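# prediction below, plus the sequence it came from.
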Amino acid sequence: MEPRIKRPWTPVRLLLVFSPTVLGLGLVISGCRQSFPVRESRLSMGTVLSLELGAVDQDEASRIFGECWAEADRLEKIFSRYDPESELSRINRTAAGGPVEISEEMLEVLSRAIGLSRLTGGAFDVTVGPLLAAWGMFPRREGRVPDRREIAAVLSRTGWEKIDLNRKNRTVRFLSPGLEIDLGGLAKGYAVDRLAALLAAQGVKSALVNAGGDIYCLGEHPEKRGWRIGVEHPREEGEVLAVLELEDRAVATSGDYRNYFIRLDRRYSHIIDPRTGEPAQTGVMEVTVLAPDCLTADGLATALFVLGPERGLELLDTGRDWEGLVIAGENGELVIHRSAGFPVKEER
């Protein structure tokens, strides 16, 4: 589908003029093969975690990578939903029985998750795990359509308001049996932020941290420009609709084209509307959000997907340091909505 543009935008289709390397959901990083002396990737936080450093010699890079991987391992032991010994798994097993003492990192992430839920009117909610399971999205991606009675039963034991977080005592308690926390992308965003802060503390001036499409651009690109990030077409793999140049900025994307299933010609995305218990049906295909930190960008991208273009952009246009791009299907057309300050580097 050819895109149609809504809101302030130069009316030209945006395409890359070089061959990008796809790095994650909806986002590509381009034109950087000749500029990076060092790059390492590994599996972490349930995705591919990639670090790229500019203007750092090999010995120094090896030391810095070692510290970053150790930090990533430590955070995974806190937030992993797949490790039965992680702090998150322990909370999910025991918090319905009474207050559970938690780490400073867990307190910070849960505090910010609750803040995002409150800000978005519940469009973002870390308790959607049982709903994902009901729709066959987790732990295995089998796909099923539950009936209304089952959805209602699951909804009765979800909801961010049922998380009792005591910041003074650093404890969490679940107010409903069967409640579970699924930090999902938030933990990835938090890990990206922590690694970017670690790199900055090590004196690194130019770096990119990427956890499966959750990205932080530290400083400027070694070629003395912003880091170029491409926003991929949600239906045409490899085609890029917009190119961003970012410095000291986070970017995250949510889309309906990586984890979904189709029944009777209807697409069911893994992005659940926590208020209805069903996959979001707002016509949105992809959302990209820019923010000062990756955790915020990630949470807002999910919330905007659920809220839809108009309500989502109203949230972005409230004067905070956020910008967003919402791509939706409307009457058979691909329509691009963006917040007023969303920056785009056009490639003609």
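Yes, it's here.

# C-alpha from now on. contacts and neighbour counts both.
Noted.

# point out where this structure drops to low pLDDT.
Applying pLDDT under 70 to the chain picks out residues 1-37, 139, 260, 264, 319, 345-348.

# max-length helix in it?
helix 58-79 (DSSP state H).

# okay, buried residues for the helix or strand following that helix please.
Using DSSP states H and E, the helix or strand that directly follows helix 58-79 along the chain is helix 87-94. Buried residues in helix 87-94, defined by neighbour count with 16 or more other CA atoms under 10 Å: Glu87, Leu88, Ser89, Arg90, Ile91, Asn92.

# can I get those in TSV with distance to Ser339?
As requested, those are exported to TSV (distance: CA to CA, whole Å):
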residue	distance to Ser339
Glu87	37
Leu88	35
Ser89	38
Arg90	40
Ile91	38
Asn92	37
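
# pull out the buried positions in stretch 309-327.
Using 16+ other CA under 10 Å as the test for burial, stretch 309-327 gives Pro309, Gly312, Leu313, Leu315, Leu316, Asp317, Trp322, Glu323, Gly324, Leu325, Val326, Ile327.

# surely the third one and Trp322 touch.
Meaning Leu313. No. Using CA atoms under 8 Å, Leu313 is not in contact with Trp322; the gap is 10.2 Å.

# quick check: phi and psi on Asp147?
phi -80, psi 170 (degrees, to the nearest 10).

# now swap in Ser44 and tell me
phi -160, psi 150.

# show me what contacts it?
If a contact means CA atoms under 8 Å, 6 or more residues apart in numbering, then Ser44 has Ala72, Asp73, Glu76 as its contacts.

# closest to Glu245 among the residues you listed?
Ala72 (26.5 Å; CA to CA).

# ok, the closest one - how many residues close by?
20 (other CA atoms under 10 Å).

# output the contacts of Ser44 in a markdown table; the columns should cover distance to Pro274.
Converted to a markdown table, the contacts of Ser44 look like this (distance: CA to CA, whole Å):
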| residue | distance to Pro274 |
| --- | --- |
| Ala72 | 29 |
| Asp73 | 30 |
| Glu76 | 25 |
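
# and the gap between Leu119 and Thr94?
Separation of Leu119 from Thr94 (CA to CA, to the nearest Å) stands at 28 Å.

# picking up where we left off before, by contact count, what packs against the longest helix of the chain?
strand 38-44, helix 87-94, helix 184-201 (3 or more CA pairs under 8 Å, 6 or more residues apart in numbering; DSSP states H and E).

# so what strands line up beside the shortest one?
Spelled out, it's strand 38-44. Using DSSP bridges, strand 38-44 pairs in its sheet with strand 47-53 (antiparallel).

# which parts of the partner strand are buried?
Using 16+ other CA under 10 Å as the test for burial, strand 47-53 gives Leu49, Ser50, Leu51, Glu52, Leu53.

# show me which of those is closest to Pro343.
Nearest to Pro343 among these: Glu52, at 23.1 Å, using CA to CA.

# the one helix or strand Leu290 maps to: what's the following helix or strand?
Per DSSP H and E: Leu290 is located in strand 284-291. Of the helices and strands lying after strand 284-291 in sequence (DSSP H and E), the nearest is helix 294-307.

# what packs against that next one?
If contacts are counted by 3+ CA pairs under 8 Å, 6+ apart, helix 294-307 sits against helix 104-119, helix 184-201, strand 214-218, strand 249-255, strand 284-291, helix 309-316.

# which one, of those, ends up nearest to Asp147?
The closest of those to Asp147 is strand 284-291. By CA to CA, the value is 23.6 Å.

# quickly run through the sheet partners of that closest one, with directions.
Its sheet considered, strand 284-291 pairs with strand 249-255 (antiparallel), strand 323-330 (antiparallel) by DSSP bridges.

# just checking, Ser339 touches Ile327?
No. Here Ser339 does not reach Ile327: they are 11.8 Å apart, not a contact under CA under 8 Å.
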